[in-house]
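Asker: Make a model of this:
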Amino acid sequence: MFLKIKKFLRLFPPFSSYVLIRKLDRMRPTLERLVEDFSKIDEMNRIRTSLQDFSSLLVNTYVALGRTTARHSPREAIDCFQRVLSFDPDAPQARRYLSEVYVQIGDMQNALNAICQALRISPVRAVQEPSEASRLPAGTRPAKIYEPHARITIATSLMPRRISEQKAAVRSWRRLGIDVISVNNAHEIAILKPEFPEVTFKEAAWTAEAQCGKPVVPTDEIIRFLSESDSPIVGIFNSDIVIEEGDGFLDAIRRQVPGSLVLSNRIDVDNAGSADGRLYAGGYDLFFFERSACAIFASSGMIMGMPWWDFWMPLAAHLGSLKLKKLTSTRALHYTHPIGYSFELFMSLSVPFSDSLASIARAYPLMPGSELATLTRGLFEAIDASVAASGQALEPYEVGTLCSFVNFLIDHMSTSIRGDGGSQTVVGDEEVLESI
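Answerer: Numbering: from 1, shown residues only. Presented below is the predicted three-dimensional model:
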């Protein structure tokens, strides 16, 4: 019977169409309701999108307002960032900015809580003031005074490329009276030694070529050779930093370096030789410290010229009870070039960075009276505990958040000094810095 009906419909297509139309007609009320429902859904989606856009605008407005007011009205900035978190409790950017404002007002416990929440980890202990037993009575640590001509030796790792820029850098160091050593593998030394007769070359026991794809030198090797130096004051420079300073520069370093790590950002200039350049605030390229402090910087897992080493140096110094002094007006020039490492390397080296700082925090007593040291210790102990518990390192966005926060911390820990050894002068709310 069914086959006969199919045959009939094939023979009479108009009848078949009629049947279909009748079915569609009976379905029309249902279809109309579906169209109406879809219209409502589409309208709701447009409303939802508009609300999301408005919420995003509101969040960005409060974040911008908080950052603008943080320096002059920190309490107002805290209110702005807390409003952002009321809209979006998972906003890590707001939590990071909030932690920075708490640091500015000296509320280290809330600062630690906020940055740990941004990194999705838990503090392992409360921030505590250093105990009275750990504090040194005033005046018990006499300041070291160096002779005007005390030797200064810096270590670098010259590269078998961009030779002209490095020659200009080495000439500027030697002109000031700095002794220079370069730590490299045997193959690079054979290439570089004829080009740099004024440099003392030291052969590294090992390099990080397997990890980085080129024979870059671990900071442990740099520190090992500096600790063997005869100079009471030592330093580490990136190999292409030209120092344009006068004769008083090293005298300023000799006055400022006792008990301290003296550091400086670079000024990026283009290859055309722009006279001004742009301050690079995302890292540090030269450090001076006393040879007796080398033990603080040993066994780090950091690699010269690769990510994190220049953040690790000041944080390790601070945890090791050294003061941080930033050269604010020094002309340390650097000709721009393509970045020399991958994002994967940036991520992987964040692990020894955190591990090493957690180890230093446990090895050294708290710096007397330093709330920032207790915050730094708490942060890296929390990261260490979280990684140990989960077996997983921080996610990329969390590593970026950590990078931004530690850069802020280093800046906040540092006392600004001029290249002639003076401290910064503050008039009202504006810093007035004298160039040499």
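Asker: can you give me the strands for this protein?
Answerer: Assigned strands in the chain, in chain order: 152-156, 179-184, 200-203, 233-237, 242-243, 260-264, 266-269, 278-280, 286-290, 323-327, 332-335, 415-417, 425-427, 430-432 (criterion: DSSP state E).
Asker: Return the list of strands paired to the first one, each annotated with direction.
Answerer: Yep, that's strand 152-156 we're talking about. Within its sheet, strand 152-156 is paired with strand 179-184 (parallel), strand 233-237 (parallel), according to DSSP bridges.
Asker: for the shortest one, what is the average pLDDT?
Answerer: For strand 233-237, the per-residue pLDDT values average out at 97.
Asker: the inter-axis angle of that strand versus strand 286-290?
Answerer: Using axes from the mean of the first three to the mean of the last three C-alpha atoms, to 10 degrees, the direction of strand 233-237 lies 160 degrees away from that of strand 286-290.
Asker: Return the set of buried residues in strand 233-237.
Answerer: Ile233, Val234, Gly235, Ile236, Phe237 (16 or more other C-beta atoms under 10 Å). To be clear about C-beta, it is placed using only N, CA and C from the backbone, and glycine gets the same treatment.
Asker: contacting residues for the first one?
Answerer: With contacts defined as C-beta atoms under 8 Å, 6 or more residues apart in numbering, the neighbours of Ile233 are Tyr146, Ala150, Arg151, Ile152, Thr153, Ile253, Arg254, Val257, Phe288, Phe289, Glu290, Arg291.
Asker: If we use 6 Å, what do you get?
Answerer: The neighbours of Ile233, taking C-beta atoms under 6 Å, 6 or more residues apart in numbering as the test, are Ile152, Val257.
Asker: any idea how far the nearest residue to Leu315 once chain neighbours are set aside lies from Gly66?
Answerer: Spatial nearest neighbour of Leu315, chain neighbours left out: Leu357 (5.7 Å); criterion: C-beta to C-beta, 6 or more residues apart in numbering. Using C-beta to C-beta, to the nearest Å, we find Leu357 at a distance of 28 Å from Gly66.
Asker: can you give me the helices for the stretch 1-150 of the chain?
Answerer: With DSSP state H, counting those that start in this stretch, the ranges of helices along the stretch 1-150 of the chain come out as 2-11, 13-69, 74-87, 92-105, 108-118.
Asker: picking that back up, okay if I get the strands paired with strand 152-156 as a markdown table plus distance to Thr207?
Answerer: What follows is these, written out as a markdown table (distance: least, C-beta to C-beta, whole Å):
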| stretch | distance to Thr207 |
| --- | --- |
| strand 179-184 | 8 |
| strand 233-237 | 16 |
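Asker: re the thing from before, looking at the buried residues of strand 233-237, which one is closest to Glu344?
Answerer: Checking the buried residues of strand 233-237 against Glu344 with C-beta to C-beta, the nearest one is Ile236 at 25.0 Å.
Asker: Would you agree that closest one is in contact with Phe287?
Answerer: Yes: with contacts counted by C-beta atoms under 6 Å, Ile236 reaches Phe287, the gap being 5.0 Å.
Asker: how far away is Val180 from Glu198?
Answerer: To Glu198, Val180 is 7 Å away according to C-beta to C-beta.
Asker: neighbour-wise, which of these two wins?
Answerer: Val180 (21 against 11; other C-beta atoms under 10 Å).
Asker: And for the more buried one, nearest residue in space, chain neighbours not counted?
Answerer: Across the structure, with C-beta to C-beta, 6+ apart as the measure, the residue nearest Val180 apart from its sequence neighbours is Val199 (4.9 Å).
Asker: returning to what we had before: what's the farthest-apart pair in the buried residues of strand 233-237?
Answerer: Using C-beta to C-beta, the pair of these lying farthest apart is Ile233 and Phe237, separated by 13.3 Å.
Asker: what about the stretch 201-350 of the chain, any weak spots by pLDDT?
Answerer: Counting by pLDDT under 70, the stretch 201-350 of the chain shows low-confidence ranges at 271-276.
Asker: hang on, the earlier thing: just want the phi and psi numbers for the residue nearest to Val180.
Answerer: In terms of degrees, to the nearest 10, the main-chain angles of Val199 are phi -110, psi 140.
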